[in-house]
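Visitor: just the structure for this:
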Amino acid sequence: MLSLLTTLIIIKIEGLVLARYMNKIKSIIDDLALIVHFLSDVEIIAHTLNGLVDEFKELTVTIHVNDTLKYLRISMINFLIKS
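Guide: Predicted coordinates:
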């Protein structure tokens, strides 16, 4: 398991076509699931984005901003419901 997690952490897109990179990520996640080590959607997205190069930075920033805004909206709704 540790080897799979390490590979997931250090894998980079450099030298790979995007589809091949995504297939490698999916393969590692599937292998982890086979040994009953499931990752959350947030963990999968974080590992996937961390391996991207500069040409994908705008995508990374957009996803982080949208995720933050979503979290803020949910927090605000929860606050209003509890008030």
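Visitor: can you map out the helices along the protein?
Guide: 2-10, 18-34, 41-50, 57-82 (DSSP state H).
Visitor: near residue 21, how many other residues are there?
Guide: A count of nearby residues for residue 21, using other C-beta atoms under 10 Å, gives 19. In this view, the C-beta of every residue, glycine as well, is placed from N, C-alpha and C.
Visitor: nearest residue to the middle of this structure?
Guide: residue 45 (1.2 Å; C-alpha atoms, centre = their mean).
Visitor: about what we covered before: in terms of mean pLDDT, which of the helices of the chain ranks lowest?
Guide: Within the helices of the chain, confidence is poorest for helix 57-82, with a mean of 67 (mean pLDDT).
Visitor: nearest residue to residue 13 other than its sequence neighbours?
Guide: residue 21 (4.3 Å; C-beta to C-beta, 6 or more residues apart in numbering).
Visitor: residue contacts, that neighbour?
Guide: Listed by C-beta atoms under 8 Å, 6 or more residues apart in numbering, the contact set of residue 21 reads 11, 13, 51.
Visitor: hang on, the second one packs against residue 53?
Guide: Think residue 13. Yes. Assessed by C-beta atoms under 8 Å, residue 13 is found in contact with residue 53 at 5.7 Å.
Visitor: more crowded one of these two?
Guide: Per other C-beta under 10 Å, whichever of residue 13 and residue 53 has more neighbours is residue 13, with 18 against 11.
Visitor: ok now do the more buried one, which residues does it touch?
Guide: Applying C-beta under 8 Å, 6+ apart, the residues near residue 13 are 21, 51-53, 56.
Visitor: 6 Å instead, please
Guide: Residue 13 sits next to 21, 51-53 when contact means C-beta atoms under 6 Å, 6 or more residues apart in numbering.
Visitor: check it and give its pLDDT.
Guide: Looking at residue 13, its pLDDT reads 90.
Visitor: that one and residue 36: what is the separation?
Guide: 28 Å (C-beta to C-beta, to the nearest Å).
Visitor: one more: residue 46?
Guide: Taking C-beta to C-beta, one finds residue 46 at 21 Å from residue 36.
Visitor: give me the more crowded residue out of the two.
Guide: residue 46 (15 against 7).
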